[in-house]
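Engineer: When you get a sec, could you give me coordinates for this:
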Amino acid sequence: MALIGSTGATFYLSQYLNGGKFHAVHVQNSTLTRGVAIRATACLAMGPGIAFIVGLGAGLISVLGYFYSSPYPKKNFGIFDTCGVDNLHGYPSVLGGLLSILLVFVDSNADFLVYGIGTQNIYQALAVVATLVVAIVSGYATGMLVFGNPESFAIVPDYEDAVWWIME
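Structural biologist: Numbers count the residues shown, from 1 in each chain. Predicted coordinates:
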């Protein structure tokens, strides 16, 4: 059901935002977001309607991310998200994490829940925050490691695979 929701949302919103035409990046990536968003909530009991809504939300937030937020860091900071990681994994995982906080109320007697409703919800929220902190810090550290010495990239021609890959 989540796949149906994300696919429907993706196709509808993609053509709506792009003057009646589909955008290939939206279709190939945003339809997959349901798996990211549903994973955080998959262990909790939910009906097909909630799964559909999770997929719908994931598809919507992903397409909106590609359309609105992807151009912003590129234009203002020169940061390129060439693989759409933010929109395929980032936003849908935050959505799934936030939904897991709410869905604890629906399935508060699940075997794997260690704490009562209030405490469990706080731990779910802390896990979302901790995940974001680790992602931001490790992403920044990786960027600094890779791009810390810009002169090392000055001698490499743009888009030349043979510089970094074996070409046989």
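Engineer: rest of the way, CA atoms for contacts and neighbours
Structural biologist: Fine.
Engineer: residue ranges with poor pLDDT in this structure?
Structural biologist: The model of the chain has pLDDT under 70 over residues 152-154, 156.
Engineer: Need the contact partners of the one helix or strand Leu98 maps to.
Structural biologist: Here Leu98, judged by DSSP states H and E, is contained in helix 91-106. Residues external to helix 91-106 that are found in contact with it (Cα atoms under 8 Å, 6 or more residues apart in numbering): 33-34, 36-41, 44-46, 54, 57-58, 61-62, 65, 117, 120-122, 124-125, 128.
Engineer: What of stretch 126-138?
Structural biologist: So stretch 126-138 is contacted by 94, 97-98 (Cα under 8 Å, 6+ apart).
Engineer: One more pass at 10 Å, please.
Structural biologist: For stretch 126-138, contacts defined as Cα atoms under 10 Å, 6 or more residues apart in numbering pick out 90, 93-98, 100-101, 120-125, 139-144.
Engineer: Sort out which residues of that stretch are buried, please.
Structural biologist: Val128 (16 or more other Cα atoms under 10 Å).
Engineer: Just the CA trace of that stretch, in PDB.
Structural biologist: Provided in PDB are the C-alpha atoms of stretch 126-138 (Å, rounded to 0.1, in the frame of the first residue of the first chain):
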ATOM      1  CA  LEU A 126      15.600  11.400  20.600                       C
ATOM      2  CA  ALA A 127      16.500   8.700  18.000                       C
ATOM      3  CA  VAL A 128      15.300  10.900  15.200                       C
ATOM      4  CA  VAL A 129      17.400  13.800  16.500                       C
ATOM      5  CA  ALA A 130      20.400  11.600  17.100                       C
ATOM      6  CA  THR A 131      20.200  10.200  13.600                       C
ATOM      7  CA  LEU A 132      20.100  13.800  12.100                       C
ATOM      8  CA  VAL A 133      23.100  14.800  14.200                       C
ATOM      9  CA  VAL A 134      25.100  11.800  13.100                       C
ATOM     10  CA  ALA A 135      24.200  12.300   9.500                       C
ATOM     11  CA  ILE A 136      25.000  16.000   9.500                       C
ATOM     12  CA  VAL A 137      28.300  15.700  11.400                       C
ATOM     13  CA  SER A 138      29.500  12.700   9.400                       C
END
